[in-house]
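**Student:** Predicted model follows, preceded by the sequence.
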Amino acid sequence: MSEPRRRMSGKERREQLIQISRTLFAEKGFDGTSVEEIAATANVSKPVVYEHFGGKEGVYAVVVDREMQKLLGLVTEALSASHALIKLERAALALLAYVEENSEGFRILVRDSHAASGTGTFASLINDIASQVEDVMVDQFAERGYDPKLAPMYAQMLVGMVALTGQWWLDVRRPAREEVAAHLVNLAWNGLTGLSPTPRLTSFSHGLEPRGPEAHGVVAPAPTEKELREREKARERELKEQEKARERERREADKLARDLEKIRQRELKEQEKAREREQKERERLLREQEKLRERELREQEKLRARGARTPAGGSATASGDGENLETSE
């Protein structure tokens, strides 16, 4: 004889209804889910759902609020790191970890939240996260001498880029989340002109998300003060090495640009000299042609002059001969 099924407490029943509703909302959305379906899946009557939440709107509001608080908490914790690069890496990893491990919740959030949720939309969540990132950006801008008034705009850009990448990765799921995070940070930290062909996360963010006992609620022992100092020193060394590598790349790029400019200037000078030589050669040829024409004209003038004198001389000779003949007679 089987044992009678244990009756759930009110708290357990409420949690069961939340989890069932979460799955249905993720699959079908708010409008596609009914109280009847929630009740049937939980194997209870509709009044039970109304008793706990007052209707579909009530349970939807609870589901959305839970997911928003969960994601916001993950990002907030990531932004507590001491260095801006670590903050960025951990925030990207936190979002991607949430997408991978809470796909149903993320699908609910990225849909246009129904007005019944009472907690706003995914856009409002992004704004909440951007507000926290803005504080980080203000400090970084101040350190680098940039205008802090631009920090809110840059915070929206940064968070929007990460959030949209999370939406895309929700379905494709490749490459692995750490690789996606590394590429996100590569673009955000280095910019298009300084992209690394093989980006990777720092050792202080790589593998940060729990995969072993921590993922099952087993808390690892807290690091000692000495271990924390060692980690901080190692992190500083790693960041300095990265900065030195970027500085070397910048110097090499500047040197290459200068070398290319020198080559271009030499080529321009050679081209200018070649044009000058060509111009001089054309001028010389023109002078030679002018001299040749002048000689030809002088020769032609001489020939015309000789031709004009020859007939006159012949007439004079003939006349003189006649006079001599008359005299002799």
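**Tutor:** Thanks, I have the structure now.
**Student:** Would you map the strands across the stretch 151-300 of the chain?
**Tutor:** Counting by DSSP state E, counting those that start in this stretch, the stretch 151-300 of the chain has no strands at all.
**Student:** okay, now Trp169: neighbour count?
**Tutor:** 20 (other CB atoms under 10 Å). For glycine as for every other residue, the C-beta is placed from the backbone atoms N, C-alpha and C.
**Student:** For Ala97, see how far away it is.
**Tutor:** Using CB to CB, to the nearest Å, Trp169 is found at 11 Å from Ala97.
**Student:** Between those two, which contacts overlap?
**Tutor:** The contact sets of Trp169 and Ala97 overlap at Arg177 (CB atoms under 8 Å, 6 or more residues apart in numbering).
**Student:** In contact with the most centrally placed residue in the chain, which residues are there?
**Tutor:** Closest residue to the average C-alpha location of the chain: Leu187 at 4.6 Å, with CA atoms, centre = their mean. By CB under 8 Å, 6+ apart, the residues touching Leu187 are Met161, Leu195.
**Student:** Walking through the stretch 1-150 of the chain, point out its helices one by one.
**Tutor:** Assigned by DSSP state H, counting those that start in this stretch, the stretch 1-150 of the chain shows helices spanning 10-28, 35-42, 46-53, 56-78, 84-101, 103-110, 122-144.
**Student:** Give me whichever of those is most buried.
**Tutor:** Stretch with highest mean neighbour count among the helices of the stretch 1-150 of the chain: helix 84-101 (a mean of 22; mean count of other CB atoms under 10 Å).
**Student:** Counting by contacts, list what that one packs against.
**Tutor:** Under the contact definition 3 or more CB pairs under 8 Å, 6 or more residues apart in numbering; DSSP states H and E, helix 84-101 sits against helix 56-78, helix 103-110, helix 122-144, helix 151-172, helix 177-185.
**Student:** In JSON lines: those, plus mean pLDDT.
**Tutor:** As requested, the helices and strands packed on helix 84-101 are exported to JSON lines (pLDDT from 0 to 100):
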{"stretch": "helix 56-78", "mean pLDDT": "89"}
{"stretch": "helix 103-110", "mean pLDDT": "87"}
{"stretch": "helix 122-144", "mean pLDDT": "83"}
{"stretch": "helix 151-172", "mean pLDDT": "89"}
{"stretch": "helix 177-185", "mean pLDDT": "90"}
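**Student:** Indicate which one of these is closest to Glu283.
**Tutor:** Among those, helix 122-144 comes nearest to Glu283, with 58.6 Å by CB to CB.
**Student:** Off-centre distance for the closest one?
**Tutor:** Offset of helix 122-144 from its chain centre (CA atoms, centre = their mean, to the nearest Å): 18 Å.
**Student:** Which strands or helices does that helix pack on?
**Tutor:** Contacts defined by 3+ CB pairs under 8 Å, 6+ apart place helix 122-144 against helix 56-78, helix 84-101, helix 103-110, helix 151-172.
**Student:** how far off helix 35-42 does the longest one point, in degrees?
**Tutor:** Orientation note: helix 56-78 sits at an angle of 70 degrees relative to helix 35-42 (axes from the mean of the first three to the mean of the last three CA atoms, to 10 degrees).
**Student:** neighbouring contacts of helix 56-78?
**Tutor:** Helix 56-78 is contacted by residues 17-18, 21-22, 25, 30, 33-35, 38, 49, 52-53, 87, 90-91, 93-95, 97-98, 102, 105-106, 108-109, 113-114, 116-120, 125, 128-129, 132 when judged by CB under 8 Å, 6+ apart.
**Student:** Can you verify my assumption that Val159 contacts Asp128?
**Tutor:** No: contact criterion CB atoms under 8 Å: Val159 and Asp128 do not qualify, at 9.6 Å.
**Student:** which stretch among the helices and strands packed on helix 122-144 comes nearest Arg13?
**Tutor:** helix 56-78 (11.9 Å).
**Student:** what is the orientation angle of the closest one with helix 46-53?
**Tutor:** 40 degrees.
**Student:** Next, the angle from helix 56-78 to helix 151-172.
**Tutor:** Taking the same axes, to 10 degrees, one finds helix 56-78 and helix 151-172 inclined to each other by 110 degrees.
**Student:** Could you list the low-pLDDT ranges of the protein?
**Tutor:** Where the chain drops to pLDDT under 70, the residues are 1-6, 112-121, 206-229, 231-232, 235, 311-329.
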